[in-house]
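Trainee: Predicted structure and sequence below. I'll ask about it afterward.
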Amino acid sequence: MNKVLLQGQGIETYYGKIQALKGIDFQVNEGEIATVIGSNGAGKSTLMMTIFGTPRARAGRIVFDGQDITQMPTYEIAHLGLAQSPEGRRIFPRMTVLENLQMGATVNALRNVTEDLPKVFRLFPRLEERQSQRAGTLSGGEQQMLAIGRAMMARPRLLLLDEPSLGLAPIIVKQIFDAIRMLNRQEGLTVLLVEQNANHALKLAHRAYVMVNGKITMSGTGQELLKRPEVRAAYLEGGH
Amino acid sequence: MVRDWDNNPELEVQHLTMRFGGLVAIGDLSFNVARKQITALIGPNGAGKTTVFNCITGFYKPTEGMLKLNHGDGKQFLLERMDDFRVNREARVARTFQNIRLFSGMTVVENLMVAQHNTLMNASGYTIGALLGIGGYKRAAAEALDKASYWLEKVNLLDRADDPAGDLSYGAQRRLEIARAMCTNPRLLCLDEPAAGLNPQESGELNKLLRTIRDEHDAAILLIEHDMSVVMGISDHIVVLDYGRKIADGTPDEVKIDPAVIRAYLGVEDEEDEDLVEEAIVAVAPDLAGTIKPAATKQAPTKPAPAKRAAKSKAPAKKATKSKAAAKKAGRK
């Protein structure tokens, strides 16, 4: 059994008076791919953001590698080795593609740029073609690639991906999921993944959670959840 | 072969070219959008799809080419020559945005009222009439509200009408953008990735909504989308771009077996006519309750049959091709 890398206990998050997370318990072990699935508005992205301290959890505890990060400033959390590719990309639009990627590596004082840049470019050749272009002029899908690449440049111990496939062409989506699997297998990267494409996410995941209205309603291995009829009905079947 | 979309189309794009400095974002692109049909514009990231939208909707002035919109009642517009605000007001082209652009501080219903600003302004005699209580402002305002409620119901957001738009989930904001566009009574509705961030169930709902718009509101729809369950499920016509040029143009069945499309976009060979089946499923899909629990309980007993569908409609969502095979495998387990 691997050790627990990230653990949440009874996390509650509010937006004003609205409670978005109603006591979330979850964990991600070292070397695992964990996923949270659930429909729009279930609170998945809120969970991702709460881990990073914006918004702050009003109750509960978040522990990363034995350290309580619940009240830690976001930049310190980043320095512990968590990186996120957020929903909505949030790239720096007026910096070039290359500068954006370098920003990702600032938590390591840019030590790994020469080594890791080629890796990102191998995954997303389009970014290499466009490296001196301002990121704001990239197409939506290219910005998504950049957000993922920037998170990878931080060489995180835990990579949080919020809907990495959003807005990407099918061929690129496949590459991204292959890349996640590869990074996990070969380099032991731990990943927490939020994805609408539950089918893909569950197949990839060692551990999976289903979130409904701010609560975890089911958990298990990805394969287990794939077989559950209620999961199939709610998240895997289109149009019905 | 004469195609539907070549015969008196709603929109003719002819030799469209858009350059940014030395970069040719779109090169000599021509295609048609048929009246009352759903046309999908697909292609790899950075192929120029959104740029085409920006040209059609007046956000960019194309470097070269013609964009002819024909309402079919004798009214014709050359979009590339019109001021951007007239493209919506007179040519009746409406759009949604890939990166959502709602008025996030306004409520949901306020967003829809703003969309009807032109109508309301006229009715109010540019405010003066409304202030004096003369003219048809009251009636116009009531109608605007009715229309807003109508579309809120269609996109399943009626119960959120008074919440700030920024508080809605991503998927709900996308639906609100569609409702806002529809409140301007468009003849041509341009949707930039309407299914992004939707789960399979929600994209099934979207398919239904778009069909309603096409069939009951006489609008032509032009759509950019990567979710193949949507594209293949509802499109009448697909145009494929790569590096700003057209590489394919045809029906879904033609396009999905086109080797150039598979190479540039889909990735791997498509195995079956799953999408046809899927289309059938979506068509019969009854109303899709927004909540998960009821759906789950309803579904559970009929598991064996839907299991296969699951694979189907799930996989093409964004992943297309290869994942479909895998999904099917999973479905059989």
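Mentor: Looks like it came in fine. Keep in mind the model is a prediction, meaning the values are calculated, not measured.
Trainee: Now for the residue in the stretch 1-150 of chain B that chain A sits nearest to: which residues touch it?
Mentor: Closest approach between the stretch 1-150 of chain B and chain A, counting by Cβ to the nearest Cβ: residue B:45, at 2.7 Å. Heads up, the C-betas are built off the backbone N, CA and C, glycines and all. Going by Cβ atoms under 8 Å, 6 or more residues apart in numbering or on different chains, residue B:45 touches A:126, A:139, A:140, A:141, A:142, A:144, A:145, A:167, A:168, A:169, A:172.
Trainee: Can you tell me the element it falls in?
Mentor: Using DSSP states H and E, residue B:45 is not contained in any helix or strand.
Trainee: Going by length in residues, pull out the top helix of chain A.
Mentor: Using DSSP state H, we find that the single longest helix of chain A is helix A:170-187.
Trainee: any idea which helix or strand carries the spatially most central residue of chain A?
Mentor: Chain A has residue A:161 as the residue nearest its centroid, 1.7 Å off, counting by Cα atoms, centre = their mean. Here residue A:161, judged by DSSP H and E, is contained in strand A:158-162.
Trainee: low pLDDT regions in chain A?
Mentor: By pLDDT under 70, the weakly predicted segments of chain A are A:1, A:236-240.
Trainee: helix/strand/coil for residue A:128?
Mentor: Taken by DSSP: H, G, I helix; E, B strand; the rest coil, the conformation at residue A:128 corresponds to helix.
Trainee: all strands of the chain, in order?
Mentor: Because you didn't say which chain, this covers chain A. Ranges of strands in chain A, per DSSP state E, are A:4-15, A:18-29, A:33-37, A:59-64, A:67-68, A:82-85, A:158-162, A:190-194, A:207-212, A:215-220.
Trainee: my bad, the chain I had in mind was chain B
Mentor: Counting by DSSP E, the segments of chain B that form strands are B:11-20, B:23-33, B:38-42, B:64-70, B:76-78, B:93-95, B:188-192, B:220-224, B:237-242, B:245-250.
Trainee: Include mean pLDDT and mean neighbour count when you put the ones you listed into TSV, please.
Mentor: Compiled in TSV, the strands of chain B are given as follows (pLDDT from 0 to 100; neighbours: other Cβ atoms under 10 Å in any protein chain shown):
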stretch	mean pLDDT	mean neighbour count
strand B:11-20	94	18
strand B:23-33	92	19
strand B:38-42	95	26
strand B:64-70	94	18
strand B:76-78	92	14
strand B:93-95	93	26
strand B:188-192	94	26
strand B:220-224	94	26
strand B:237-242	94	24
strand B:245-250	93	18
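Trainee: for the ones you listed, which one sits closest to residue A:93?
Mentor: Residue A:93 lies closest to strand B:11-20 among the strands of chain B, at 15.4 Å (Cβ to Cβ).
Trainee: Closest residue of the stretch 101-250 of chain B to chain A?
Mentor: Closest point on the stretch 101-250 of chain B to chain A, by Cβ to the nearest Cβ, is residue B:204, at 2.8 Å.
Trainee: what's the burial count for that residue?
Mentor: 26 (other Cβ atoms under 10 Å in any protein chain shown).
Trainee: go on, the one 4 residues further on?
Mentor: Neighbouring residues of residue B:208 were enumerated by other Cβ under 10 Å; the total is 19.
Trainee: show me where pLDDT drops low in the stretch 51-200 of chain B?
Mentor: B:134-135.
Trainee: Name the residue closest to the centre of chain B, please.
Mentor: Nearest to the geometric centre of chain B sits residue B:191, at 3.1 Å (Cα atoms, centre = their mean).
Trainee: partners of that residue in the sheet?
Mentor: Under the criterion DSSP bridges, residue B:191 forms beta bridges with residue B:223.
Trainee: my guess is it meets residue B:93, correct?
Mentor: No - in this structure, residue B:191 is not within contact of residue B:93 by Cβ atoms under 8 Å, at 11.8 Å.
Trainee: Neighbouring strands - and their directions - for the strand holding residue A:161?
Mentor: In the sheet, strand A:158-162 lines up with strand A:82-85 (parallel), strand A:190-194 (parallel) (DSSP bridges).
Trainee: Show me the one of those strands that comes nearest residue B:248.
Mentor: For the strands paired with strand A:158-162, the distance to residue B:248 is smallest for strand A:82-85, at 31.3 Å, taking Cβ to Cβ.
Trainee: now the closest one, how far from the centre of its chain.
Mentor: Its chain's C-alpha centre and that of strand A:82-85 lie 6 Å apart, by Cα atoms, centre = their mean, to the nearest Å.
Trainee: Also stretch A:104-122?
Mentor: 18 Å.
Trainee: Also stretch A:83-97?
Mentor: 13 Å.
Trainee: so how far does it reach from one end to the other?
Mentor: One end of stretch A:83-97 to the other measures 18 Å (Cα to Cα, to the nearest Å).
Trainee: go on, stretch A:83-92?
Mentor: 16 Å.
Trainee: Buried ones in it, by neighbour count?
Mentor: For stretch A:83-92, burial by neighbour count (16 or more other Cβ atoms under 10 Å in any protein chain shown) applies to A:83, A:84, A:85, A:86, A:87, A:88, A:89, A:91.
Trainee: need the contact list for the last one.
Mentor: The contact partners of residue A:91, taken as Cβ under 8 Å, 6+ apart, are A:100, A:135, A:136, A:138, A:143, A:146, A:147, A:150.
Trainee: Let me know the closest of those residues to chain B.
Mentor: Looking across those and measuring by Cβ to the nearest Cβ, the closest to chain B is residue A:138, at 7.2 Å.
Trainee: wait, the closest one sits on residue A:132?
Mentor: No - Residue A:138 lies out of contact with residue A:132 (Cβ under 8 Å); the separation is 11.9 Å.
Trainee: okay, these two: which has more neighbours?
Mentor: The neighbour count for residue A:138 versus residue A:132, taken as other Cβ under 10 Å, is higher for residue A:138 (23 against 9).
Trainee: what's that one in contact with, if anything?
Mentor: Going by Cβ under 8 Å, 6+ apart, residue A:138 touches A:91, A:97, A:130, A:146, B:46.
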